[in-house]
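**Student:** Just need the structure, nothing else, for what follows:
(2 chains)
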Number of protein chains: 2
Amino acid sequence: MEPIWIEGQWQLADASLSFQAHNPATGEILPGAFPVSSWADCDRALVAAGQAFKELRAVSGEQIALFLEGYADSLEARAAELVETAHRETALPVKPRLKDVELPRTTIQLRQAAQASREGSWMQSVIDTKRNIRSCFAGIGPVVVFGPNNFPFAFNGVAGGDLAAALTAGCPVIAKAHPLHPATSRLLAQCAAEALAAFDLPPATVQMLYHLRPEDGLRLVADARVGATSFTGSRSAGLLLKKAADSAGRPIYLELSSLNPIVFLPGALAERGEALATETADSGLAGAGQFCTSPNLLIVVQGTDSQNFVDAVTAAYSNRPASPLLSSEGRDSLHRSVGDLLEAGAALLTGGEPHPEAQGACYRNTILQASGGQFLADPERLQKEAFGNAALFVVCADVEELLRALESLEGNLTASIYSGTTGDDDALYTRVEALLRPRCGRLLNDKMPTGVALSPAMNHGGPYPSTGHPGFTSVGIPRSIQRFGALQSYDGVRKYRLPAALQDTAPNKAMWRVVDDAWVRG
Amino acid sequence: MEPIWIEGQWQLADASLSFQAHNPATGEILPGAFPVSSWADCDRALVAAGQAFKELRAVSGEQIALFLEGYADSLEARAAELVETAHRETALPVKPRLKDVELPRTTIQLRQAAQASREGSWMQSVIDTKRNIRSCFAGIGPVVVFGPNNFPFAFNGVAGGDLAAALTAGCPVIAKAHPLHPATSRLLAQCAAEALAAFDLPPATVQMLYHLRPEDGLRLVADARVGATSFTGSRSAGLLLKKAADSAGRPIYLELSSLNPIVFLPGALAERGEALATETADSGLAGAGQFCTSPNLLIVVQGTDSQNFVDAVTAAYSNRPASPLLSSEGRDSLHRSVGDLLEAGAALLTGGEPHPEAQGACYRNTILQASGGQFLADPERLQKEAFGNAALFVVCADVEELLRALESLEGNLTASIYSGTTGDDDALYTRVEALLRPRCGRLLNDKMPTGVALSPAMNHGGPYPSTGHPGFTSVGIPRSIQRFGALQSYDGVRKYRLPAALQDTAPNKAMWRVVDDAWVRG
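**Tutor:** Numbering: from 1, shown residues only, chains lettered A, B, ... in the order given. As a prediction, the model looks like this:
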């Protein structure tokens, strides 16, 4: 069985079960037996992480930065092997996706985090010189990261944005790899391990387990030695973990399902319906629709332009080849979700079944349609997420019905509004925006939601149930880092005992701090 | 029955039960029957708050500021009546406590919030001009505030820091008054109502219910129409509310019990043990020990100086008059907690019973003692909070035992370290600090924890179970306001549609924003 990476060593897991990965494009079983760890492995990782957390307190932001950059370099040095391995385990295209988009995104994230670590502004140090009270964010403790199936690099527990954010906050990471891409995760962890050694960080700063029994996952997030957990994945698994963590008072950040509704206002469809149909299919079918921000709910007011638009999107979905999904389980789950939507009254415009010809975990590109009235009658069932290359049109009878439908929307990561360029849609935009704004984390204009830029202004978060708390984002530095910060105030503490970030003189020239109510640098 | 303040009117409650307040100094039943609202009242308040939340989106920060200032003015205009009423309901001293400390603190909080509302820096607007992605915090939705028993003004649900913070974030408040001071809360709500009318805010921006049935409280915090809840009070009630809110994915901020441990290092006791005994008694008996930050756990290493210190604190507790507690229920609860500590093996040095002579809800000032060994053998039971004028000494055999005892500490709001001035304690300080820092929100040097300054660097929060999440504070602007913010990103949104805080030009000259990675003002 493959060893796990804990306590700074590749070690035999305490596991009675193992699993293998599959190539979803071919169904082929891939080599390597990966362990399903027992609680004993979790416990050892927790002890080691606790020790590393203490040691990290004495490690400078500069040293963590060097490690993060070294890790990024190491990923680039092994790019070919990484991309090939991830492609085999996920069937995601080598180019542009894995090689030109996702791996570069991953190294950019690590380097952005390194910059933040070096600078220290993420700590939001506040100094009240008159009262000698000072505060800043400091590491919350060991962080458990559950990575999702759909980003083998950029959201991987052992290499992605959550890891980068937690390490920058001074928190060791216990990564729980996703079982759909264990060999990719092993390679990533090897790169991390090399960089840990090269830059002399505590050896348990990064640890990785391949898989856990469900009950051990619940126990892990509730363990008092855990500072916080970050989870990206399905709503059902996420809410179980949330319940366990909540009941023990352990913070947990969730990024769950999201339909990412798009409202196409009449002016936009009249002006450029055909182009929008292409744009919709491009976004909705990217990565076989397996993005957190994939548009799954397309909302229009009925009319000739809308009908043409629905037809054009349907045609695009019909005509384009279906990409393999990440697993046959994912294909089956998508099929069940499409079935649920049909049972709730949606009509099938195209697709709706596993691809009859293609090999592997392929599902026909699928478009469904429901009326606004149907949606209003059963908003819960018609907001069932169909994760993959499927989308539901909601065609509303009129503007008032559209607005009522928006009031029934659950919390989402994103919501988009397409409107005409002449200003004719502006009055309606205002009403639509007022309903969408509190129901999403990121509001877009004339833009598909699938691009999640690495910007400090990004919000990859949103109201429940898209996440567990609308005040946090998992993408965008420094906010993603601050999730892993505990607020620590120093009241009357003698100056020579203060941490560097709260000394009268800043530890470096780039650090932003609030000194006596003004933001100052250096 | 007294009317409740909902939907912008004083209205008859839907209540089959009522309650009356008592004067805890005399036991006298006070006039006025106050309603225990049914769910119907909660539901009406929620509907009205939802409408107010929508309307507040169009209200400027300046207008909210004027209201907050008007409210503060109105409290000052009725100061005599307020102080007299609160004194009658709580037995807290008129001077200096209610008149010179707590009411001024309350109006300062409102005026600080007004300043923050006017300025808007609390929103932490971030503008990425290159990508045209922008984000800021905006109101999370209607906020339910459960006020505690121990601050009739400054933490009152209808006048305190949580109300000020929520309103500044643009969130209407449904205040749940504490049943120990309903007439005080009525007066406060009257002032709020006057100011709402005078400054033309949506009438349901502030609403108040006197009391709820427990099941309705749980239902309220879990209602999907609630943006967030803020609770200050007992651990048992708080954790029940947390469970209800968590299970529905509604954010809840808790400020629960805290022992506020103080470690007196040998050098400090050798230098100034007698003065420290006076300081300890001053802090521990202030407000009859009924502060969230009251020192309940006093930790020393055994020796002559420590013994003298324990004796001196015990003598001070014995010799000073006991102040009445807030209620006879509070006295009984304190007596039970002291009993639990005795049962867990603590020895009684003084007190330990209701005051035999004093009228009303009086308890003898109480000092208990346990050894470090006892504490280590049963840290959970010996960390039972005894809310009121009681404290537990833990006398450790040596420095190593002291350090082990600190490792057993639960999360606390504060932790204090007293050390000698010569530097002799510094090596030990470092070891003690390393253990206390992750276990508290605010770390103090040579200072009692009971003063909670209204500073932007304050942290009135801490690790679980002192609160529900270590990243938030209920005191200190702007962080206290940001609790009630949802992060809202605008991606590619046309500029004329952006909120004022995210326009290229800031809405005022005082507002701090991050523009292209630099903090700039105005």
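
**Student:** What residues are bridge-paired with A:Ser416?
**Tutor:** With DSSP bridges as the criterion, A:Ser416 is bridged to A:Ile262, A:Leu444.

**Student:** What count of nearby residues applies to it?
**Tutor:** Neighbours of A:Ser416 under the rule other CB atoms under 10 Å in any protein chain shown: 26. Where you see a C-beta, it was placed from the backbone N, CA and C, and this is true even at glycine.

**Student:** Next, the residues that contact the helix or strand containing A:Glu76 from outside, please.
**Tutor:** Applying DSSP states H and E as the criterion places A:Glu76 in helix A:61-77. Helix A:61-77 has contacts (CB atoms under 8 Å, 6 or more residues apart in numbering or on different chains) with A:56, A:82, A:103, A:106-107, A:110-111, A:113-115, A:117-120, A:153, A:159, A:164, A:167-168, A:170, A:188, A:191-192, A:194-196, A:198-201, A:205, A:507.

**Student:** which of those are buried?
**Tutor:** Buried members of those, scored by 16 or more other CB atoms under 10 Å in any protein chain shown, are A:56, A:82, A:103, A:106-107, A:110-111, A:113-115, A:117-120, A:153, A:159, A:164, A:167-168, A:170, A:188, A:191-192, A:194-196, A:199, A:201, A:205, A:507.

**Student:** Please look at A:Ser230 and A:Pro148 and confirm they touch.
**Tutor:** No. Using CB atoms under 8 Å as the test, A:Ser230 is too far from A:Pro148 to be in contact (10.8 Å).

**Student:** Tell me the confidence at the residue lying closest to A:Pro478 once chain neighbours are set aside?
**Tutor:** Counting by CB to CB, 6 or more residues apart in numbering or on different chains, A:Pro478 lies nearest to A:Trp122, which is 3.6 Å off, once chain neighbours are set aside. Model confidence at A:Trp122, given as pLDDT, is 98.

**Student:** Next, A:Trp122: secondary structure please.
**Tutor:** helix (DSSP: H, G, I helix; E, B strand; the rest coil).

**Student:** still on that earlier bit, which of A:Ser230 and A:Pro148 has more residues huddled nearby?
**Tutor:** Neighbours around A:Ser230 and A:Pro148, counted as other CB under 10 Å, are more numerous at A:Ser230. The numbers are 29 against 23.

**Student:** where do the helices sit along the stretch 351-500 of chain A?
**Tutor:** A:372-377, A:379-382, A:399-407, A:426-436, A:479-482 (DSSP state H, counting those that start in this stretch).

**Student:** Single out the most deeply packed of the ones you listed.
**Tutor:** helix A:479-482 (a mean of 26; mean count of other CB atoms under 10 Å in any protein chain shown).

**Student:** Check which helices and strands that helix sits against.
**Tutor:** With contacts taken as 3 or more CB pairs under 8 Å, 6 or more residues apart in numbering or on different chains; DSSP states H and E, helix A:479-482 sits against helix A:161-168.

**Student:** touching chain B at all, the helix it packs on?
**Tutor:** No. Judged by CB under 8 Å from any CB of the partner chain, helix A:161-168 and chain B are separated, with a smallest distance of 13.3 Å.

**Student:** could you say what helices and strands the helix or strand harbouring A:Ala237 packs with?
**Tutor:** Using DSSP H and E, A:Ala237 falls within helix A:235-247. Using 3+ CB pairs under 8 Å, 6+ apart as the contact test, the elements touching helix A:235-247 are helix A:214-221, strand A:228-232, strand A:252-255, helix B:235-247.

**Student:** Which among those is found nearest to B:Pro463?
**Tutor:** strand A:228-232 (11.2 Å; CB to CB).

**Student:** buried set for the closest one?
**Tutor:** A:Ala228, A:Thr229, A:Ser230, A:Phe231, A:Thr232.

**Student:** got the residues of the stretch 301-450 of chain A near chain B?
**Tutor:** Residues of the stretch 301-450 of chain A lying near chain B (CB under 8 Å from any CB): A:414, A:429, A:433-434, A:437-438, A:441-447, A:449.

**Student:** What's the ChimeraX syntax to select whichever of those residues are buried?
**Tutor:** This is how ChimeraX selects the buried members of these, with burial counted by 16+ other CB under 10 Å:
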select /A:414,429,433,437,438,441,442,443,444,445,446,447,449
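
**Student:** Quick check: the two most widely separated of the residues of the stretch 301-450 of chain A next to chain B?
**Tutor:** Among these, A:Pro438 and A:Asp446 lie farthest apart (CB to CB), at 21.0 Å.

**Student:** Mind listing the residues bridging to A:Tyr366?
**Tutor:** Wrong residue type there; residue A:366 is Thr, not Tyr. A:Ala390.

**Student:** nearest spatial neighbour of A:Tyr317, skipping sequence neighbours?
**Tutor:** A:Asn365 (4.0 Å).

**Student:** Up against chain B, what does the stretch 51-200 of chain A have?
**Tutor:** A:54, A:57, A:126-128, A:131, A:133-135, A:137-138, A:140-141.
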